[in-house]
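Q: Sequence and predicted model, in that order:
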Amino acid sequence: MTSTPNVAGIAVVVAALAAVCYSKGSSPRSIWKFLRQKAALVAGRGLPDFAQLTGFPHPKPVHGFNIVHARPRPYRPFRWEYHQNMSLKNLEPDYWLELESTYRDRIAQRRQIYALHGKRVIDELPGSEAASKELMEMVIQYLCLRYPQQFEFDEWTLTFRNHILDSTANISTVHPLVFLLENVPEDFLITQEDPDTGLYTLRAAVSTSAVGWNISQKIGKPLHEIHGPVPDYKEKLAFSMDRQVMWYTCQVHLQERRAQWVYRYFSKMPCNKPIQRGSWGLEIGEPLFLQTDEPEWSHRQHQNPDLPLSDIHMRVDWQTLRRLPKSRAIVFNFKAIFTPVTDFRNEPFIPKLLLKVLLEGKKEIMEYKGTWSIEHKVIPALREWTKEQEDKGWIPKDWQEKTLNENPFYPGWEKHHPIPT
């Protein structure tokens, strides 16, 4: 309960702020909203200022944002020469959580997946509750600042309003992971340091975008086990017994060194330097959540000669990684974005670059990505589109494939994907 002196102090602050807002010509509604927020902070009820806590800036608000017409930025994270590495980039403050036109359908799909799969989609371990709540609060603050016409948060009643879905949630009663599932089309994996081993382990998660794995298989595991074996570590089985022993010994040392590197990186990761990266694959249709025991998984095992090119999509999982300031947990979040491969026809350099990766990329990595089932359709199309772009003068005929300077985008992408302001 707020004490009498505190009530008096709040009243004084409110009166002073009201005078300032009025002098600046603010509307009565915006003044009231602003005053409720400030009064709640004085009373200890508001959200913390995460930009102040982390040292990482708040996003700029998007004015006139229309979710129906919004498009994601065209992530094309193709690289050459292609090596299996993290390819980390600094996170842009305005693009931690990027909303676009599939929002309503994706949220409905996430709810359906959770209803069918339960703990394979949402799970948590004891001790992760504070980190989940902190993450929810950080997400709410970001959404309300970045998309002020679409989301609102009442600091006094603790009510979050989603104007896109016409829904509300009281954050004092809703489960944080369920809130994330129902309001944000992203997956979140919360890792915390194990005090006994010093390794970061998966402690809580909501993930409806898993292909070939699920949360129930990963919860409680350290990071180097979550990701499994890296394709570049694999070797052919036709070695002699001596070579096999040597390979196994090297594998053990590599896993140990990898675990040590991950631990050092995570233990030193600051709050003010979140990072981002992307992984990609080529899929039939738009599989969001697909498990190995489902019939659709078998599509990856053969090449369908009648497969229409229009049914093939590139899936990009655009991922970010950041530390929470209070719980010190580290959060992975990622969003699956699907693009018809036919879009590449009008994107300079992309057909030739992807063709190079598919034809000459390391076999183990391509197998890991599962591209074989669609290569018989995509490769001929990429050859045709490359020639078209050369004949039109979009790319030089002697251009040697390399990672584009605009990576993860392509030259001139802004013309087709205007940046919201």
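A: On my side now, so go ahead.

Q: I'd say residue 160 and residue 183 touch.
A: Yes: counting by Cβ atoms under 8 Å, residue 160 does reach residue 183; the two are 7.5 Å apart. Placement of C-beta: from N, CA and C, glycine included.

Q: So for the two, which residues contact both of them?
A: Counting by Cβ atoms under 8 Å, 6 or more residues apart in numbering, the contacts common to residue 160 and residue 183 are residue 169.

Q: Please pull up the helix or strand immediately following the helix or strand bottoming out on mean pLDDT in the chain.
A: The helix or strand of the chain with the lowest confidence, counting by mean pLDDT, DSSP states H and E, is helix 241-268 at a mean of 49. Following helix 241-268 in sequence order, the next helix or strand is strand 275-284 (DSSP states H and E).

Q: partner strands of the next helix or strand after that following strand, parallel or antiparallel?
A: Next helix or strand after strand 275-284 toward the C-terminus (DSSP H and E): strand 312-323. Applying DSSP bridges to the sheet, strand 312-323 is found paired with strand 275-284 (antiparallel), strand 330-340 (antiparallel).

Q: now, of the ones you listed, which is deepest in the fold?
A: strand 330-340 (a mean of 20; mean count of other Cβ atoms under 10 Å).

Q: Test my guess that residue 324 contacts residue 134.
A: Yes: at 5.1 Å, residue 324 counts as touching residue 134 under the criterion of Cβ under 8 Å.

Q: what are the phi and psi values for residue 164?
A: The phi/psi pair for residue 164 (degrees, to the nearest 10) reads phi -70, psi -40.

Q: ignore the last one, residue 155
A: According to degrees, to the nearest 10, residue 155 has phi -70, psi -30.

Q: What is the neighbour count of it?
A: When counting by other Cβ atoms under 10 Å, one arrives at 17 neighbours for residue 155.

Q: What of residue 122?
A: 20.

Q: just checking, it touches residue 181?
A: Yes: when contacts are counted by Cβ under 8 Å, residue 122 is listed as touching residue 181 (6.5 Å).

Q: Quick check: neighbours shared by these two?
A: Joint contacts of residue 122 and residue 181 (Cβ under 8 Å, 6+ apart) are 114, 206.

Q: what stretches of this protein score poorly on pLDDT?
A: 1-45, 82-87, 227-265 (pLDDT under 70).

Q: need the strands for it, in chain order.
A: 89-90, 122-124, 151-154, 159-162, 167-170, 187-193, 200-206, 275-284, 312-323, 330-340 (DSSP state E).

Q: what's the spacing between the longest one and its chain's center?
A: Strand 312-323 sits 5 Å away from the centroid of its parent chain (Cα atoms, centre = their mean, to the nearest Å).

Q: again with the first one
A: For strand 89-90, the distance from its own C-alpha centre to the chain's C-alpha centre is 13 Å (Cα atoms, centre = their mean).

Q: Now stretch 380-387: buried residues?
A: Neighbour counts using 16 or more other Cβ atoms under 10 Å place 381-382, 385-386 of stretch 380-387 among the buried residues.

Q: related to what we said a few turns ago, quick one: which of the strands paired with strand 312-323 is nearest residue 108?
A: strand 330-340 (15.1 Å; Cβ to Cβ).

Q: could you check the angle strand 187-193 makes with the closest one?
A: Interaxial angle of strand 330-340 relative to strand 187-193 (axes from the mean of the first three to the mean of the last three Cα atoms, to 10 degrees): 160 degrees.

Q: what does strand 330-340 contact?
A: 72, 74-75, 96-98, 131, 135, 185-192, 200, 209, 266, 269, 283, 286, 288, 310, 312-324.
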